[in-house]
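Novice: Sharing a model that was predicted from the sequence below.
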Amino acid sequence: MPSTVPNMTARETAEAQEASQRSDAELVAALKASDETAYAECLQRFGGRMLAVARRFMRDEGLAQDVVQEAFLNAFKAIDRFDGRAKLSTWLHRITVNTALMKLRHARSRPEASIEDMLPTFDETGHRVDAGPPWSAPDDVAARFDRNELRKRVRMAIDRLPDTHRTVLLLRDIEELSGAETADVLGITTNAVKVRLHRARQALREQLDPDLRGPVP
Amino acid sequence: MSHPPNMPTDLPPPSTALPEDALPSPCGDLPTETCRDAINFLLAYLEDDLSASARESFEAHVAMCPPCQDYMDSYRETIALSREACGCDQADQHEPMPPALVSAILAACTADKTND
């Protein structure tokens, strides 16, 4: 039997495969019993998703794959501690994020670009120097960009942020950690989280501005 | 509650103060006098971190300043776009893991078991 049906999207294929597989509870029980087919099934069901998460944090395919490998190995070793209160995918997601943060922290000895050049600038009276027209309405943006193309541009813009700011933006806006949780995970103050988050959002906005600004009135 | 392993919180915090610690907090009770102030206080405004008087001053400035209104709208849109671009329902989240990576992880599992 073919593993995929022609014309199905990757998402539909994944959902169809997931529907035909063991429940979370059955899969966890099999993992706890060291059933080797369960390891393969776990990687098949959740591996792609975790790799996408790791790519956001690491920006480098090789490092992202290292993160995913380490995350799954740690998860399999710790599976006896999984009590089923969270979904298995949520638990794996947290482990992947934590593993990525560990790797980033170890890699952070290298200097990174300053975010200052990406921020809005002001004249001596406090007015924004680069204030352009307002952003286009969603329908106008849709006419200009395919939605997937826009998402790709946003991801590329996020990737251009310096690591220290990009990580805070990912944890606060994508992973939806609170300011206190983000501060705790990164070992910085909540004030530093606020400053980095605001700067990251401003820098991201500046990068998206040329694509999204409307016509000059 | 089940705790994921290798939480990075067990690492010591950085030994030197971060530059951000020396910066004024983006929340506070200062009046919004310029567009620079409005943009500096925007995060605090959106997170409801401004005092009542600072909030009133911020809103009065933005109401009279179309560029700051536009900036606030585009700032909010930036947040929404980043959530959409990196959200869990995007196509790349449903691509399968590369077979070579699956094989490497399964081989490492086997090696771990053998070593145990």
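Specialist: Yep, that arrived.

Novice: what about the closest residue to chain B within chain A, how many residues close to it?
Specialist: Nearest residue of chain A to chain B: A:G126, at 2.6 Å (CB to the nearest CB). C-beta: built from backbone N, CA, C; applies to glycine. Neighbourhood size, A:G126 [other CB atoms under 10 Å in any protein chain shown]: 14.

Novice: OK, contacts around A:G132?
Specialist: Counting by CB atoms under 8 Å, 6 or more residues apart in numbering or on different chains, A:G132 touches A:D209, A:R213, A:V216.

Novice: Would you agree B:R55 is in contact with B:Y45?
Specialist: Yes. Between B:R55 and B:Y45 there is a contact under CB atoms under 8 Å: 6.7 Å.

Novice: hmm, who's touching the helix or strand containing A:A180?
Specialist: Secondary structure assigned from DSSP states H and E places A:A180 in helix A:179-186. Contacts to helix A:179-186, defined as CB under 8 Å, 6+ apart, come from residues A:98, A:101, A:167-168, A:171-172, A:177, A:189-190, A:192-194, A:197, B:7-9.

Novice: Chain neighbours aside, what residue packs nearest to the residue in chain B that chain A sits nearest to?
Specialist: Residue nearest to chain A within chain B (CB to the nearest CB): B:T34, separated by 2.6 Å. Of all residues not flanking B:T34 in the chain, A:G126 sits nearest, at 2.6 Å (CB to CB, 6 or more residues apart in numbering or on different chains).

Novice: who touches the one you found in this structure?
Specialist: B:E33, B:T34, B:C35, B:R36, B:D37.

Novice: And the residue of chain A closest to chain B, how far from A:V193?
Specialist: The gap separating A:G126 from A:V193 is 26 Å, by CB to CB, to the nearest Å.

Novice: What is the burial count for the residue nearest to B:L43 when sequence neighbours are not counted?
Specialist: Of all residues not flanking B:L43 in the chain, A:H198 sits nearest, at 4.1 Å (CB to CB, 6+ apart). By other CB under 10 Å, 24 other residues sit near A:H198.

Novice: isn't A:H198 right next to B:Y45, touching?
Specialist: No. A:H198 lies out of contact with B:Y45 (CB under 8 Å); the separation is 10.8 Å.

Novice: now check stretch B:54-70, is it near chain A?
Specialist: Yes. With CB under 8 Å from any CB of the partner chain as the measure, stretch B:54-70 is seen reaching chain A through B:P67, B:D70.

Novice: tell me which residues in that stretch are buried?
Specialist: B:A54, B:R55, B:S57, B:F58, B:H61, B:V62, B:C65, B:P67, B:C68, B:D70 (16 or more other CB atoms under 10 Å in any protein chain shown).

Novice: in which helix or strand would I find the first one?
Specialist: To tie it back to what came earlier, the one meant is B:A54. Going by DSSP H and E, B:A54 is in helix B:52-64.
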